[in-house]
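>>> Below are the sequence and a predicted model; questions follow.
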Amino acid sequence: MSRIGKNPVELPEGVDIAIVGQQITAKGKLGEMSFTLSDDVDISREENQVWVKPRGTSIRARKMWGTARAVVNNLVVGVSEGFTRNLEINGVGYRAQVQGSELIMQLGFSHEVRHAVPEGISIKCPDQTHITIEGVDKQKVGQTAAEIRSYRPPEPYKGKGIKYADEYVRRKEGKKK
């Protein structure tokens, strides 16, 4: 039995859900998102709760039960609160800034690195060493953060590079004489 799937998704104030067959659409103050669920699960709405149940006892139906519930919860949270990832830049001369629809970073290369801001995502730089990525879609926010981090991941000796704000970089001792 799925420990995640058996819990309902609570609908906060201001979020409207429309269920048509296996398609679920969520509307909220931050926008609108839709997702088509697997045929292995049933979805229903009761007042301000959304329930996801497996259609059978097959292994695939039980796998998709928790997954579908998590996706529905991410839709609801996304349109009501949104998702945020924070990145930090460490290193002498490393910096970032947003110009128009591009994030421009100096990361110790001979050239500046330009990253186009995807549709539905907003990127802000409160200062030159911090990047904030916000959006409605959890997958897009995480993917964008991972792509930006991949330009210069943190290295273990000096800690230089781009890291998540909540990431711990395990440091190594340098060479001995």
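Cool, the structure landed. Bear in mind the structure is a predicted one, so any value in this text is a computation, not a measurement.

>>> buried residues in stretch 133-147?
133, 134, 135, 136, 137, 138, 140, 141, 144, 145 (16 or more other C-beta atoms under 10 Å). For glycine as for every other residue, the C-beta is placed from the backbone atoms N, C-alpha and C.

>>> which of the residues you listed sit farthest apart?
Greatest spacing in the buried residues of stretch 133-147, by C-beta to C-beta: 136 and 145 (14.7 Å).

>>> Please narrow the buried residues of stretch 133-147 to those residing in strands.
Those of these mapping onto strands are 133, 134, 135, per DSSP state E.

>>> With pLDDT and distance to residue 10 as new columns, can the residues you listed be given to me in CSV?
Formatted as CSV, these follow (pLDDT from 0 to 100; distance: C-beta to C-beta, whole Å):
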residue, pLDDT, distance to residue 10
133, 97, 26
134, 96, 23
135, 95, 22
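
>>> Name the nearest of those relative to residue 124.
residue 134 (7.3 Å).

>>> who touches the longest helix along the chain?
Longest helix of the chain, by residue count under DSSP state H: helix 59-80. Contacts to helix 59-80, defined as C-beta atoms under 8 Å, 6 or more residues apart in numbering, come from residues 1-5, 7, 9-12, 14-15, 17, 24, 26-35, 37-38, 40-41, 43, 50, 52-55, 83, 135-138.

>>> And for stretch 116-132?
Contacts of stretch 116-132 (C-beta under 8 Å, 6+ apart): 31, 84-90, 94-98, 101-103, 133-137, 140-141, 144, 148, 162, 165.

>>> where does the spatially most central residue of the chain land on pLDDT?
By C-alpha atoms, centre = their mean, the chain has its centre lying nearest to residue 138, at 3.0 Å. In this model, residue 138 is scored at 95, pLDDT.

>>> which residues of this protein fall in helices?
59-80, 138-150.

>>> can you list the ones you listed in JSON lines and add distance to residue 107?
Output for the helices of the chain, formatted as JSON lines (distance: least, C-beta to C-beta, whole Å):
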{"stretch": "helix 59-80", "distance to residue 107": "30"}
{"stretch": "helix 138-150", "distance to residue 107": "10"}
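
>>> Out of the ones you listed, which one sits most buried?
Greatest average neighbour count among those goes to helix 59-80 (a mean of 20), per mean count of other C-beta atoms under 10 Å.

>>> and the angle for that helix with helix 138-150?
Helix 59-80 runs at 80 degrees relative to helix 138-150, counting by axes from the mean of the first three to the mean of the last three C-alpha atoms, to 10 degrees.

>>> Render the CA-only coordinates of helix 59-80 in PDB, please.
Presented in PDB, the C-alpha positions along helix 59-80 are these (Å, rounded to 0.1, in the frame of the first residue of the first chain):
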ATOM      1  CA  ILE A  59       2.500  -3.700  -9.700                       C
ATOM      2  CA  ARG A  60       2.400  -0.900 -12.200                       C
ATOM      3  CA  ALA A  61      -0.900   0.400 -10.800                       C
ATOM      4  CA  ARG A  62       0.600   0.500  -7.300                       C
ATOM      5  CA  LYS A  63       3.700   2.200  -8.600                       C
ATOM      6  CA  MET A  64       1.700   4.900 -10.400                       C
ATOM      7  CA  TRP A  65      -0.500   5.500  -7.400                       C
ATOM      8  CA  GLY A  66       2.100   7.400  -5.300                       C
ATOM      9  CA  THR A  67       3.600   9.000  -8.400                       C
ATOM     10  CA  ALA A  68       0.300  10.300  -9.600                       C
ATOM     11  CA  ARG A  69      -0.500  11.700  -6.200                       C
ATOM     12  CA  ALA A  70       2.900  13.400  -6.000                       C
ATOM     13  CA  VAL A  71       2.300  15.000  -9.500                       C
ATOM     14  CA  VAL A  72      -1.100  16.300  -8.500                       C
ATOM     15  CA  ASN A  73       0.300  17.700  -5.300                       C
ATOM     16  CA  ASN A  74       3.000  19.500  -7.300                       C
ATOM     17  CA  LEU A  75       0.400  21.000  -9.600                       C
ATOM     18  CA  VAL A  76      -1.600  22.400  -6.700                       C
ATOM     19  CA  VAL A  77       1.500  23.700  -4.900                       C
ATOM     20  CA  GLY A  78       2.900  25.200  -8.100                       C
ATOM     21  CA  VAL A  79      -0.200  27.200  -9.000                       C
ATOM     22  CA  SER A  80      -0.700  28.400  -5.400                       C
END
